[in-house]
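Enquirer: Sharing a model prediction with you, sequence too.
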Amino acid sequence: MGNYRPVYTKTFEKQINVLHPEFRRQIEERIRDLVADPWHNTKFLKAQYRGKRKLWLNRSDRLVFVICEECRELGHIIYNQCDDCDSIPENTLKIGFIIFGHEY
Amino acid sequence: MARTSEEKTVDRLLTLYLINECYKTHNLRALSETKMQKLVFLSERSLIDRRIKAFNYSFVKLLHPTFSSELRGDLMNFVKFGYVSEPWFGQTKKMKMILEDFGEVLRRNRPLLAVIDGILSTYSHVRTNHLVNMVYRMVWSRGKTIKMLKLGTPLLYPLTYENAREVFRITPDELEDLKFCLNPKISKELDRAFDEMKRGELLSHEEVFG
């Protein structure tokens, strides 16, 4: 793993568990790239999802996550409001959810 | 024909815009579903008359007398997912955030929104029962008023791109972000994932990928 430490929601785990092993492996690879540079190919979401980023997994699927370091620096704590903010290391990436293109 | 996901998203944004304007600019204190159905119907009709593709709801003649089940579905989801408050489709923080963050999209479509603004200036203060009677008396086709039409008669349906002189302008990236915010299914699942994130219910890489 790179500079950042990824942690995952249970919802993400459920999503991953039902995927084809090849697609699952591709996602794991994309996450390995993400932990090396979480700003590359990513962009902030808007409105009620302020403070969260999306990563382009492929043409239509997106991975939604939060960079704890950035959240603290930019004052996004007001949007993310994590209970474990005081105890979680700054180099954490909270990986939340995959938005599949066929669903939107 | 069923609305495309782009049409649904634009409809939802414009409906939120219309609700917000009713409260913010026209200082309404309450907004009923019947009134919403009329205001959206009149706005869409006015846009279609100008061959502008913006609202894409299908309306039929019913008892009150114009009704869109798609609009009803969107309004119900707005309430369910907290985009508007009960019981009078009041403004919420979520709604304000959407309109703020997609303000650029709205500014780009100013001429089109001016048509909706015009309808709201004329009709938002008209009492609902008067508005219903006014719509009943509207001449629709071959000299027949809406009142004279059979129940279930289609009144409005989406303008096709080929027949439109102007369309709602939104970039693919803006549309994608807006879909994430306004699609009830995605919203529900994202909210669940973010709740887990908030509560710190998280798994390590090894627990997920082995």
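Expert: Nice, thanks for sending it over.
Enquirer: Check chain B for the residue nearest chain A and tell me.
Expert: Across chain B, no residue is closer to chain A than residue B:200, which sits at 3.4 Å (Cβ to the nearest Cβ). In short, each C-beta sits where N, CA and C put it, glycine included.
Enquirer: just checking, that residue touches residue A:82?
Expert: Yes. Here residue B:200 reaches residue A:82: they are 6.5 Å apart, a contact under Cβ atoms under 8 Å.
Enquirer: Near the residue of chain A found nearest chain B, how many residues? Count them for me, please.
Expert: Distance from chain B to each residue of chain A (Cβ to the nearest Cβ) is smallest for residue A:84, at 3.4 Å. Close neighbours of residue A:84, defined as other Cβ atoms under 10 Å in any protein chain shown, add up to 16.
Enquirer: got it, and residue B:146?
Expert: 19.
Enquirer: Look up how far residue B:132 lies from it.
Expert: Counting by Cβ to Cβ, to the nearest Å, the separation of residue B:146 from residue B:132 is 10 Å.
Enquirer: If you tally nearby residues, what's the number for residue B:183?
Expert: 21.
Enquirer: same question, residue B:158
Expert: Under the neighbour criterion other Cβ under 10 Å, residue B:158 is assigned a count of 22.
Enquirer: tell me which parts of chain A are close to chain B?
Expert: Counting by Cβ under 8 Å from any Cβ of the partner chain, the residues of chain A close to chain B are A:1, A:5-13, A:16, A:24, A:28, A:31, A:45-50, A:52, A:54, A:62, A:64, A:66, A:80-84, A:88, A:94, A:96-97, A:99, A:103-104.
Enquirer: who has more neighbours, residue B:200 and residue A:82?
Expert: Set residue B:200 next to residue A:82 and count neighbours by other Cβ under 10 Å: residue A:82 wins out with 20 against 14.
Enquirer: Validate this expectation: that one resides in a helix.
Expert: No. Following the definition DSSP: H, G, I helix; E, B strand; the rest coil, residue A:82 is coil and is not counted among the residues of a helix.
Enquirer: lowest-pLDDT helix or strand in chain B?
Expert: For chain B, the helix or strand with the lowest mean confidence is strand B:139-141, at a mean of 89 (criterion: mean pLDDT, DSSP states H and E).
Enquirer: In that one, which residues have enough neighbours to count as buried?
Expert: Of the residues in strand B:139-141, those scored as buried under the neighbour-count criterion (16 or more other Cβ atoms under 10 Å in any protein chain shown) are residue B:140.
Enquirer: Tell me where chain B has strands.
Expert: Defined through DSSP state E, the strands belonging to chain B, from first to last, are B:52-53, B:59-61, B:66-67, B:84-85, B:90-91, B:139-141, B:144-145, B:154-156, B:166-167, B:202-204.
Enquirer: and residue B:107, which of these is closest to it?
Expert: Judged by Cβ to Cβ, the one of the strands of chain B that comes nearest to residue B:107 is strand B:166-167, at 15.7 Å.
Enquirer: which stretches of chain B have low pLDDT?
Expert: For chain B, no stretch has pLDDT under 70.
Enquirer: let me fix that: chain A
Expert: Flagging of chain A using pLDDT under 70 yields the residue ranges A:1-2, A:104.
Enquirer: Enumerate the positions of the longest strand along it that are buried.
Expert: The longest strand of chain A (DSSP E) is strand A:92-99. Neighbour counts over strand A:92-99 (16+ other Cβ under 10 Å) mark A:92-99 as buried.
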